[in-house]
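Trainee: mind folding the following:
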Amino acid sequence: MATTLYTDPMRVPFVDPATGKLTREGFLYLNGQIASIPSKATIEGLLSGAGEVIAQAADSAPPAGGASDTMAEMVIQPSPTAQAGPAFRAHCNAASVLPTANTPAKVNFQVEDFDTANAFAASRFQPSVAGYYQVNAALSAATSSAYLVAAIFKNGTVYAQGNFDSVAATTGHISTVSDIVYLNGSTDYVEIWGQSSAAPFNTGGTAFADYFSAALVRTA
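Mentor: Here you go, the predicted model:
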């Protein structure tokens with residue numbers, strides 16, 4: 001969501017259209033709250049951290065309690081850095097065994113591709129930031145003559161189930177699952193479980209077809 005910044009033009013001129021930066025120090029009103037900005041560098045740092053100026057208008061109404069009758073308004077579009085949150089991806093480098101027919105079992109993902117917040121461990125994603133997470137997974141089949149289904153489990157209970165992939169006489173079939181999951185930033189976690197009609201059933205164990213990933217899409 002964009003953030004509206006108000007600056008007093010008696011102290012701070014408009015943004016320089018050539019550089020997109022404020023040209024000298026003054027006062028800044030951030031969503032109605034006044035903040036003293038001691039230097040041009042500080043303001044530029046705020047702009048750099050928050051994103052780019054996407055709109056600007058003169059003589060806009062000041063926020064409640066503002067100290068000036070004439071304001072310059074800047075709308076700041078947040079940058080990807082400002083929106084950063086936990087994200088990870090892991091994959092299998094060996095088959096995971098589903099030991100009992102028609103019964104879900106947790107899948108182990110042995111290799112982390114990345115983990116920005118150290119929130120993935122023991123094949124479980126448990127972030128410390130509350131919010132809504134996009135969760136994705138895929139499982140491939142190394143055992144034939146059975147069905148395979150991947151599922152997202154939240155706190156040990158099935159949350160979302162993927163497609164039932166019927167593995168007839170060949171292996172290499174894939175079941176995928178994807179959903180948005182709310183995690184509270186403390187006790188909530190997600191895992192990937194698999195289920196098959198064969199016992200034991202081996203997943204494929206490949207980086208491109210047996211993976212688990214998640215990323216924050218919106219904070220709580």
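Trainee: domain ranges for this structure?
Mentor: Following automatic domain parsing, one gets these domains for the chain: 3-78, 87-219.
Trainee: mean confidence score for the longest one?
Mentor: Which is domain 87-219. Averaging pLDDT along domain 87-219 gives 91.
Trainee: now do the shortest one
Mentor: Per-region confidence: domain 3-78 scores 44 on mean pLDDT.
Trainee: which stretches in the chain count as helices?
Mentor: 40-50 (DSSP state H).
Trainee: contact partners for G185?
Mentor: Contacts here follow CB atoms under 8 Å, 6 or more residues apart in numbering; on that basis G185 touches P127, S128, V129, A130, G131, A220. To be clear about C-beta, it is placed using only N, CA and C from the backbone, and glycine gets the same treatment.
Trainee: can you put those residues in a markdown table and add distance to N118?
Mentor: Converted to a markdown table, those look like this (distance: CB to CB, whole Å):
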| residue | distance to N118 |
| --- | --- |
| P127 | 9 |
| S128 | 9 |
| V129 | 12 |
| A130 | 17 |
| G131 | 17 |
| A220 | 20 |
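Trainee: out of those, which end up buried?
Mentor: P127, V129, G131 (16 or more other CB atoms under 10 Å).
Trainee: quick check: the first one touching T116?
Mentor: No. Taking CB atoms under 8 Å as the contact criterion, P127 and T116 are not neighbours in contact, 9.7 Å apart.
Trainee: what do these two both touch?
Mentor: G85, P86.
Trainee: coming back round to it: which of the contacts of G185 sit farthest apart?
Mentor: S128 and A220 (12.2 Å; CB to CB).
Trainee: ok, back up a step: and the contacts of G185, which is closest to S144?
Mentor: P127 (37.0 Å).
Trainee: check contacts around the closest one.
Mentor: With CB under 8 Å, 6+ apart, P127 has these contacts: G85, P86, A117, A119, Y133, L183, G185, A214, L216.
Trainee: same check on V129?
Mentor: Taking CB under 8 Å, 6+ apart, we find V129 in contact with G85, P86, A117, G185, L216, T219.
Trainee: could you redo those residues as CSV and give each row distance to W193?
Mentor: CSV is the format used below for the contacts of V129 (distance: CB to CB, whole Å):
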residue, distance to W193
G85, 25
P86, 21
A117, 23
G185, 23
L216, 22
T219, 27
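Trainee: doesn't V181 make contact with N136?
Mentor: No. Applying CB under 8 Å as the test, N136 and V181 come out as separate, 10.7 Å apart.
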